[in-house]
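**Student:** sequence plus predicted model, see below.
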Amino acid sequence: MSSTHDGVLGRIGTRAFLARHWQKRPLLIRRAIPEFPGVVDRRELFRLAGLASVESRLVQHKRGRWSLAHGPQSAAQLRRMPVGDWTLLVQGVNLHSPEADRLLRRFKFIPHARLDDLMVSYAVPGGGVGPHVDSYDVFLLQSGGSRLWRIATPRKGQSDRLVEGAPLKLLRDFTPDEEYLLEPGDMLYLPPGWAHEGIALEPGMTCSIGFRAPAHRELVAEFLQRHAEKIDIPGVYSDPGLQWQRHPAQLPPGLVAQTRKLLSRLRFTRSDVANFLGEYLSEPKANVVFDPPQRAMSQPRFANHVRVSGARLDLRTLLLLDGQAIFINGERATPARPVLAALRTLANERVLGPGQRAAALFELLYAWYVAGWLHPGQNDAAGARGPNK
Ligand SMILES: [Mn+2]
């Protein structure tokens, strides 16, 4: 359970939040993080929005018309924007900012496999993305300025009636049931399916902590595709009892029956499924590229460094566990038992303290260091961070 010190749920405890609100009903938490300074300043956010490796959107509402521009955004364009009615949304800020990553880690009362990313939106008065419905859970944490959120209980078919010709999915009929004015440090949790609209009253940012809910179709299709590569079923089709058929073009009934029987024999074990999920869900997004150290230190020197000052995962690294299997950035490893405890800590906390001894651990961590997935030292020293310093 999370300690009250770094919790973000206010007075409601983790258990009560999960039982009463998670995936069920919204929750407003005033002063979830008192004096929340935000995770990046406006300058840094604009800089990120200018990078080709960062996903961003600029949304403007001008004279009743919505416009949407995907990034990278031009710095000159952002400087020329008017004083009202627009917002800039930057996805995956946690991949570039240690502060954003730290904020995300405060939501560890939800399993890592469910966590998606931290989006930051900067909005000027009147700015917003219009009324819409998301299919995932979100925590909206205000940092600076103020934003008015209006929300509506899920209604049947509401997401089918969209504004025609708009570049965004906007609800045609939006009748809010509740509204909340969020000030710095306030947070609103919204389950999937609740229509909402946030409008900035004063310039400021909202951090959206987003969750991942893979579509059933995606899970099954990905699993089958990967599983197909591992299947080894011996034998070839045979038909010693072939019967003459009037229409030679007709598929022989035996071919259909035999193939169907083969398919019905496919069975998936728990580890087939868990290994797939671990590998698939720990895969970095397509735009993520790691930076291996330019001049990697030797393994003994690395081991000594980690022994003295610990290690930390790169901001972009995803590390998941299932029993004795660990999954890092899409790859599976089954480390020896004695190093499991340390790896579990690293996976849960994303940092590892000093005092490690096992040679097998250093061997594994060294390979990750060389790949740019992990760094020696517990703190993100300047220069050791992301690709865009
Ligand atoms: Mn939304």
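**Tutor:** Yep, that arrived.
**Student:** tell me, how many residues neighbour V339?
**Tutor:** Using other C-beta atoms under 10 Å, V339 is surrounded by 21 other residues. Heads up, the C-betas are built off the backbone N, CA and C, glycines and all.
**Student:** again, but for E279
**Tutor:** 19.
**Student:** same thing with P184?
**Tutor:** Other residues near P184 come to 19 when the count uses other C-beta under 10 Å.
**Student:** spatially central residue in the protein, please.
**Tutor:** By C-alpha atoms, centre = their mean, the chain has its centre lying nearest to D116, at 1.4 Å.
**Student:** that residue belongs to a helix?
**Tutor:** No. Counting by DSSP: H, G, I helix; E, B strand; the rest coil, D116 is not part of a helix but strand.
**Student:** any idea of the pLDDT on it?
**Tutor:** D116 is assigned 95 on the pLDDT scale.
**Student:** that one against P214, yeah?
**Tutor:** No. D116 lies out of contact with P214 (C-beta atoms under 8 Å); the separation is 10.4 Å.
**Student:** name the helices or strands packed onto whichever strand or helix holds I199?
**Tutor:** Using DSSP states H and E, I199 sits in strand 195-202. Where contact means 3 or more C-beta pairs under 8 Å, 6 or more residues apart in numbering; DSSP states H and E, strand 195-202 is packed against strand 115-123, strand 146-152.
**Student:** so it versus strand 115-123, what angle?
**Tutor:** 40 degrees (axes from the mean of the first three to the mean of the last three C-alpha atoms, to 10 degrees).
**Student:** need the CA coordinates for strand 195-202. CSV is fine.
**Tutor:** Output of strand 195-202 as CSV, limited to C-alpha atoms (Å, rounded to 0.1, in the frame of the first residue of the first chain):
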residue,chain,number,x,y,z
ALA,A,195,-18.1,12.5,-21.3
HIS,A,196,-16.1,15.5,-20.3
GLU,A,197,-14.9,18.9,-21.4
GLY,A,198,-12.2,21.0,-19.8
ILE,A,199,-12.0,24.7,-20.5
ALA,A,200,-9.1,26.9,-19.2
LEU,A,201,-10.1,30.0,-17.3
GLU,A,202,-6.5,31.1,-16.7
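**Student:** angle of that strand against strand 146-152?
**Tutor:** 160 degrees.
**Student:** for strand 195-202, which positions count as buried?
**Tutor:** Under the neighbour-count criterion of 16 or more other C-beta atoms under 10 Å, strand 195-202 has A195, H196, E197, G198, I199, A200, L201 buried.
**Student:** try stretch 67-79
**Tutor:** For stretch 67-79, burial by neighbour count (16+ other C-beta under 10 Å) applies to G71, Q73, L78.
**Student:** show me these that map onto helices.
**Tutor:** Judged by DSSP state H, the subset of those located in helices is L78.
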